[in-house]
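J.: Sequence and predicted structure, then a few things I'm wondering about:
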Amino acid sequence: RRIADSDSFREFEETIQYCSLDQLGFPHYEQALERGTTETGLQSGLITGTAKIAGHDTVLAINNFGLVGSSLCDEIGEKFRQAARHALETKTPLIAVAMGGGARMQEGTPSMHRNIPKAQHALNELEDANVAYIAVVCDPTLGGTAISYGLRGDYMIVVKGSANIGFSGKRVVEQFQQRK
């Protein structure tokens, strides 16, 4: 199925090269990033741009779960902010297809502390300007992805069968409870 009208999507040139970096020298992180880009053919955990839906102009932000679970990180936070800024400047609805495994632990707590407020501030600006934000919530939408932009919207659409939505993922809960 397609979200956008055929041949209408245009990725934002100014953020197309944004990608995640191994800022902390986290073990095996570079390999995970390489595997994700090879498997998906995409360089980013969030694809952003403009498109038409049923002939209407929109700004899209679509998570790429195949790249390290599309977990919230500096790259995704900044790309989301830029997409929201474009929506604000053009008074065009922003639609996010949210799917992510939380906050990216390989970038540490400071990344989460930067990017959750960054996304929330961008959404506040859209709200203040009366520009619509639609969140399409997919499975899974957890942690940083959920609280930054996944579970907030003027309109929310929960994709049929999406049951894994919340703050902590299954693995985190199992580790906390020390049982499966």
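T.: Thanks, I have it.
J.: so where's this structure shaky on pLDDT?
T.: Low-confidence segments of the chain (pLDDT under 70): 1, 163, 168-173, 175-180.
J.: In it, which strand is the longest?
T.: For the chain, the longest strand by residue count, based on DSSP state E, is strand 133-142.
J.: Figure out how far that strand is from the centre of its chain.
T.: Mean-position distance between strand 133-142 and its chain equals 9 Å (CA atoms, centre = their mean, to the nearest Å).
J.: Note down every partner strand of that strand and its orientation.
T.: The pairing partners recorded for strand 133-142 under DSSP bridges are strand 94-101 (parallel), strand 155-158 (parallel), strand 165-166 (parallel).
J.: which of these sits most buried?
T.: strand 94-101 (a mean of 26; mean count of other CB atoms under 10 Å). Glycine gets a C-beta too; all of them are placed from N, C-alpha and C.
J.: Following that strand in sequence, what is the next regular element?
T.: Scanning forward in sequence from strand 94-101 by DSSP states H and E, the next helix or strand is helix 108-128.
J.: got the residue ranges for the helices in the chain?
T.: Along the chain, counting by DSSP state H, helices occupy 29-40, 74-90, 108-128, 143-145, 170-177.
J.: count of residues packed around residue 2?
T.: Around residue 2 there are 9 other residues, counting by other CB atoms under 10 Å.
J.: same deal with the one 10 residues further on?
T.: Residue 12 has 18 neighbours, counted by other CB under 10 Å.
J.: what's across from the residue at minimal distance from the centre of the chain in the sheet?
T.: For the chain, residue 63 is the residue whose C-alpha lies nearest the centre (CA atoms, centre = their mean; 4.6 Å). Note on residue 63: beta-bridge partners residue 46, judged by DSSP bridges.
J.: hang on, it packs against residue 99?
T.: Yes. Using CB atoms under 8 Å, residue 63 is in contact with residue 99, at 4.4 Å.
J.: who touches both of the two?
T.: By CB atoms under 8 Å, 6 or more residues apart in numbering, residue 63 and residue 99 have these common neighbours: 70, 138, 145.
J.: quick check, nearest of those to residue 7?
T.: The closest of those to residue 7 turns out to be residue 138 (CB to CB; 23.8 Å).
J.: how near is that closest one to residue 19?
T.: 22 Å (CB to CB, to the nearest Å).
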